[in-house]
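> compute the structure for the input listed below.
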Amino acid sequence: MRDLLQLRGDALTLEDVEAVAVHRSCDVALSPEARPRVEAARTVVERAVAENRVVYGLTTGFGALSEVVIPPDRIRELQVNLIRSHAAGIGDPLPEAEVRAITLLRANVLALGHSGVRPVVIERLADLLNRGIHPVIPERGSVGASGDLAPLSHLALVLLGEGEAFVTGERLSGAEALRRARLEPLVLEAKEGLALNNGTQAMTGIGILALLALERAIESADVAGAMSLEAMRGTPDAFAEPIQRVRPHPGQKESAERLRHLLRDSEIRESHRHGDPRVQDAYSLRCMPQVHGAARSATRYVREVLSIEANSATDNPLIFPEEDLVLSGGNFHGQPVAQVLDLIAMVCADIAAISERRIARMIDPTLSGLPAFLTKDPGVNSGFMMPQIVAAALVADLRTRAHPASTDSVPTDNNKEDHVSMGMGAALKARSAVALLETVLTLELMTAAQGLEFLRPLRAGRGVELAYDIVRAHVEPLETDRVLSGDIQRLETAVRAGRFARIYQA
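Next comes the predicted model:
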């Protein structure tokens, strides 16, 4: 029997998001604890409508049309038209894992009880997850304020029996997807359309999955760097605990500790400990704790922001049942999320850049002491010439993606929305940047494993040998030139799955 994740709005972890979105390891339901809060907020909405109060989004138009008062008999029409008119996204559909993350986050924040929806709205979002209905959400068209209007509208369309959805890989109309799942289309009541499409869940969902992948990539970067250090017979002295103690950034200390752990009991180090004329290594080797550690510290901050956002009410207006208040504000603005997603892209560019420099050193015999391009027969064979060139191309691409999206506000909606976050653009950059970083680290792992071949029978540190075995399970040593694209793709799968990230725990 599958586990059940009960949504209460304030307790969702990033790992919960990945469990539901990627691993599909549990079903989702509205928590009994949250239901009374949801119902209380709904009562406030219904009272406001019954009393003909002028309340934004309940009895008025939206955005620059907020001064238009809507008569009671057209409130349902207002909510449906909001979803239809805002479902104007373009581009490729988001992957199913990202759609599931977005759906889960939207259900969770509605469960906080500040959005004024009926419980059935949350239950129907849970139904989409539990029954494998994945709305077709085009990836482009959101400026990140008032939240992710276009993506979330495409999500909401399917609840109405409109739009399109993927079910077990088949693209269906929203009506057919619901019919096959024996679900009735929702009829939206006051405030519910606005509650469904007003929020930051698209950028946040994509960002959470990117962050978790980046955290694994940083662990893999320490492993790749340790293997490169061994291949070039570098010294681990720069990772010594006293050095970190006098500059105690937490991320730096963590990376140094991992490097020391990975390099334990190295026969390679013992073979050249005495009589090595080199006093210290190049920065790409010596400064791994400082550079990789800065990335760790940055991701810790990103995690904090995304954890808060995953459990925050981000639509407008917000309902406060205890005070019988309906308040308009700006929690839909994606700036906190957009900025940290830009930081993800910056981190990826930097870690990839230092990784590429280690690859370049390994194939240069004047810097590594290894055969040129790590081949036994250079000239006739080009060896690992191309992996460094590919890594250089990816690093250049990453540097363009490191330009922040969150500083590129373009006013919209007749200047009612005169400062926007561009958070969805930041999310898409973050996602692609992590994927490029994973490929660069794959190239370094391949290159470093090839470098170790020339030092056999000496064995590297314990953790490095574990990493070497994983590489060799996917890629054979390069004896003579062959097509490397398949090798790269196979090993990249292991990097993305976190195989190298788990070595430290082993």
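
> as a check, name the ranges of all strands in the stretch 201-350 of the chain.
Under the criterion DSSP state E, counting those that start in this stretch, strands of the stretch 201-350 of the chain are mapped to 318-320, 325-327.

> dump those strands into JSON lines; add mean neighbour count and mean pLDDT as well.
No exception for glycine: its C-beta is placed from N, CA and C like everyone else's. Rendered in JSON lines, the data for these read as follows (neighbours: other CB atoms under 10 Å; pLDDT from 0 to 100):
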{"stretch": "strand 318-320", "mean neighbour count": "22", "mean pLDDT": "94"}
{"stretch": "strand 325-327", "mean neighbour count": "15", "mean pLDDT": "89"}
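
> element containing the spatially closest residue to residue 187 that is not a sequence neighbour, please.
In this structure, residue 187 finds its nearest non-sequential neighbour in residue 76, 6.8 Å apart by CB to CB, 6 or more residues apart in numbering. Residue 76 belongs to helix 75-86 when elements are defined using DSSP states H and E.

> residues in contact with the following helix or strand past that helix?
Proceeding C-terminally, helix 75-86 gives way to strand 90-93 as the next helix or strand, assigned by DSSP H and E. Counting by CB atoms under 8 Å, 6 or more residues apart in numbering, the neighbours of strand 90-93 from elsewhere in the structure are 99, 136, 137, 138, 139, 140, 141, 166.

> could you do stretch 311-326 as well?
9-12, 37, 40-41, 43-45, 47-48, 53, 55-58, 108-109, 112-116, 146-147, 194-195, 198-201, 327-332.

> wait, residue 398 sits on residue 355?
No. Under the criterion of CB atoms under 8 Å, residue 398 makes no contact with residue 355, lying 10.6 Å away.

> picking up where we left off before, list the buried residues in the helix holding residue 76.
For helix 75-86, the buried set under the neighbour-count rule, 16 or more other CB atoms under 10 Å, comprises 75, 78, 79, 80, 82, 83, 84, 86.

> name the nearest residue to the fourth one, sequence neighbours excluded.
In space, and not counting its chain neighbours, residue 80 is closest to residue 188: 5.8 Å by CB to CB, 6+ apart.

> what sits against that neighbour?
If a contact means CB under 8 Å, 6+ apart, then residue 188 has 76, 79, 80, 83, 160, 196 as its contacts.

> ok, it to residue 204 distance?
Computed with CB to CB, to the nearest Å, the distance linking residue 188 and residue 204 is 23 Å.

> need the helix or strand of this protein with the lowest average pLDDT.
Taking mean pLDDT, DSSP states H and E as the measure, the helices and strands of the chain show their lowest mean at strand 325-327, namely a mean of 89.

> picking that back up, redo the contacts of residue 188 as a markdown table? Include distance to residue 390.
Conversion of the contacts of residue 188 to a markdown table gives the following (distance: CB to CB, whole Å):
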| residue | distance to residue 390 |
| --- | --- |
| 76 | 55 |
| 79 | 50 |
| 80 | 50 |
| 83 | 44 |
| 160 | 46 |
| 196 | 43 |
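
> got those as a markdown table, with distance to residue 211 and pLDDT columns?
Shown next, in a markdown table, are these (distance: CB to CB, whole Å; pLDDT from 0 to 100):
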| residue | distance to residue 211 | pLDDT |
| --- | --- | --- |
| 76 | 39 | 88 |
| 79 | 33 | 90 |
| 80 | 35 | 93 |
| 83 | 29 | 96 |
| 160 | 32 | 98 |
| 196 | 25 | 96 |
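
> which of the residues you listed sits closest to residue 24?
residue 196 (22.8 Å; CB to CB).

> which of the contacts of stretch 311-326 fall in helices?
Using DSSP state H, the members of the contacts of stretch 311-326 that fall within helices are 37, 40-41, 43-45, 47-48, 108-109, 194-195, 201.

> who wins for most neighbours among the residues you listed?
Among the ones in helices among the contacts of stretch 311-326, the one with the most neighbours (other CB atoms under 10 Å) is residue 195, at 32 neighbours.

> low-confidence ranges in the chain?
Counting by pLDDT under 70, the chain shows low-confidence ranges at 1, 61-67, 275.

> can you give me the neighbour number for the closest residue to residue 56 other than its chain neighbours?
Distances taken as CB to CB, 6+ apart place residue 328 nearest to residue 56, at 5.0 Å, with adjacent residues excluded. Other residues near residue 328 come to 11 when the count uses other CB under 10 Å.

> and residue 328, what does it touch?
Remark: with contacts taken as CB under 8 Å, 6+ apart, residue 328 is in contact with 56, 316, 317.

> pull up the distance across stretch 26-37, start to finish.
24 Å (CA to CA, to the nearest Å).

> residues in contact with it: which ones?
Counting by CB under 8 Å, 6+ apart, stretch 26-37 makes contact with 2-9, 19-20, 38, 104, 107, 111-113, 119, 122-123, 126, 129-130, 321, all of which sit outside it.

> stretch 490-497 too?
Under the contact criterion CB under 8 Å, 6+ apart, stretch 490-497 has outside partners 213, 216-217, 220, 438-439, 441-442, 445-446, 470-471, 473-475, 500.

> filter these to the buried ones?
Burial by neighbour count, judged by 16+ other CB under 10 Å, picks out 213, 216-217, 220, 438-439, 441-442, 445-446, 470-471, 474-475, 500 from those.

> go through those and say which is closest to residue 267.
residue 471 (18.4 Å).

> ok, back up a step: and the residue nearest to residue 80, which of the three is it?
Applying DSSP: H, G, I helix; E, B strand; the rest coil to residue 188 yields a three-state assignment of coil.

> still on that earlier bit, does anything pack onto the helix holding residue 76? Which helices or strands?
helix 149-159, helix 192-197 (3 or more CB pairs under 8 Å, 6 or more residues apart in numbering; DSSP states H and E).

> which one of the ones you listed lies nearest to residue 175?
helix 149-159 (9.0 Å).

> can you name the next helix or strand after that closest one?
Downstream of helix 149-159, the first helix or strand assigned by DSSP H and E is strand 164-167.

> that next one pairs with which strands?
Strands flanking strand 164-167 in the sheet, each with its direction: strand 133-135 (antiparallel), strand 170-173 (antiparallel) (DSSP bridges).

> can you say which of those is packed in most?
strand 133-135 (a mean of 26; mean count of other CB atoms under 10 Å).

> so what touches it?
Contacts of strand 133-135 from elsewhere in the structure, counted by CB under 8 Å, 6+ apart, are 96, 99-100, 103, 127-128, 154-155, 157-158, 163-167, 174, 177-178, 181.
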